[in-house]
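*Asks:* I'd like to go over a predicted model; first the sequence, then the structure.
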Amino acid sequence: MEPSVEEFEEAVEEIVYLNGSLMPQSQARLPPLDYGMLYGYGLFETMRSYSGHIFRLEKHVERLRGSAKFLGIDLSNIPDLEKALYSTLQANNLSDARIRLTVSGGEGETIPDLLVSQQPTVLIVTRSYTPYSDKVYQEGFKAIVSRFRRNTQSPTSAMKSLSYLDSLLARREAKLSGVDEALLLNEKNFLAEGSISNVFLVSGDVLSTPSEDSGILLGVTREVVLELASSLGIKTTVKTIPLEELYQADEAFLTNSLIEIMPLTRVSGRRVGSGRTGEMTRQLTHAYKALVHERH
């Protein structure tokens, strides 16, 4: 029987959700032949909750289920993911949190065979989240252009796969360079995305972001920003973007569920626009925060 939330209210140790049960993290065990660990065969979603409400939860779950179907990971017998996410938040007495939902292909044989039906592994981890300070948002992120590339022909570029090595290597590049993020081009030398973020540019009165065929993940926050821009009457274009266009932009910003909308002020030591947060970035940031407020 699944332990009740009340049983964990006094526990100091973090509670995780694993395959239908809530348990202390120290008791969570994954099988040694889990295909997520052996081959990176699986998916994940990172979400943020505000005052106990998981923002755009349905979009995250919809994206995960769509990718799982493509990969052949059968989630039809998995209990309600939305309920499981909220149960894990409540078990840890969290309201403002970062949430990681991981789904792997489950336990298999040492010789990989994706045609053999397996029971997926579902893991949920929640942690308290403290946003970046106002000072960071005022100064913006600095980035480099990574030597690693997104592959427009690979289906994994369009999903949050556990095969995350390119992003990890690019992120390590950024840290070793003393900056906040690494931007990846694709094999055609067009701008794709950040290691953990989508990219937006402002040129004049037009907001641009790389298109799906640039080899990007269709981020949930990216979608929200495009919706907000439309509601505010901002012209938008989704297209292939040469790197030089970023250098010539009036302003730029990065998006993901945790950082929301983060100004991008320097790339490879070159100032973007004025090198400070731009007016359109501020406008969209205010609109985003208002939307989050409405949802809880």
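*Replies:* Cool, got the structure.

*Asks:* Can I take it that residue 149 is in a strand?
*Replies:* Yes: according to DSSP: H, G, I helix; E, B strand; the rest coil, residue 149 belongs to a strand.

*Asks:* so how far is residue 211 from it?
*Replies:* 16 Å (C-beta to C-beta, to the nearest Å). Quick note: C-beta positions are derived from backbone N, CA and C, even for glycine.

*Asks:* With residue 54 instead?
*Replies:* 28 Å.

*Asks:* next one: residue 242
*Replies:* 13 Å.

*Asks:* how many other residues sit next to residue 13?
*Replies:* Using other C-beta atoms under 10 Å, residue 13 has 12 neighbouring residues.

*Asks:* these two touch, right, it and residue 25?
*Replies:* Yes: counting by C-beta atoms under 8 Å, residue 25 is a contact partner of residue 13 at 6.1 Å.

*Asks:* returning to what we had before: neighbour count for residue 54 and residue 211, which is higher?
*Replies:* residue 54 (23 against 15).

*Asks:* dump the residue contacts of the more buried one.
*Replies:* Residue 54 makes contact with 47, 48, 60, 85, 86, 89, 99 under the criterion C-beta atoms under 8 Å, 6 or more residues apart in numbering.

*Asks:* so of those residues, which ones are in helices?
*Replies:* Among those, DSSP state H puts 60, 85, 86, 89 in helices.

*Asks:* Can you add pLDDT and give the residues you listed back as a markdown table?
*Replies:* Below are those laid out as a markdown table (pLDDT from 0 to 100):
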| residue | pLDDT |
| --- | --- |
| 60 | 98 |
| 85 | 98 |
| 86 | 98 |
| 89 | 98 |
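
*Asks:* Now tabulate these in TSV and tack on neighbour count.
*Replies:* Formatted as TSV, those follow (neighbours: other C-beta atoms under 10 Å):
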residue	neighbour count
60	23
85	22
86	20
89	22
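
*Asks:* which among those gets closest to residue 137?
*Replies:* Relative to residue 137, the closest of the ones in helices among the contacts of residue 54 is residue 60; by C-beta to C-beta it sits at 23.5 Å.

*Asks:* Next up, phi/psi of residue 207, please.
*Replies:* Note on residue 207: its backbone torsions stand at phi -100, psi 130 [degrees, to the nearest 10].

*Asks:* Just to check, it is in contact with residue 201?
*Replies:* Yes: between residue 207 and residue 201 there is a contact under C-beta under 8 Å: 7.4 Å.

*Asks:* Next, the distance between the ends of stretch 211-224.
*Replies:* One end of stretch 211-224 sits 15 Å from the other (C-alpha to C-alpha, to the nearest Å).

*Asks:* I'd like the mean pLDDT over it, please.
*Replies:* Averaged across stretch 211-224, pLDDT comes to 98.
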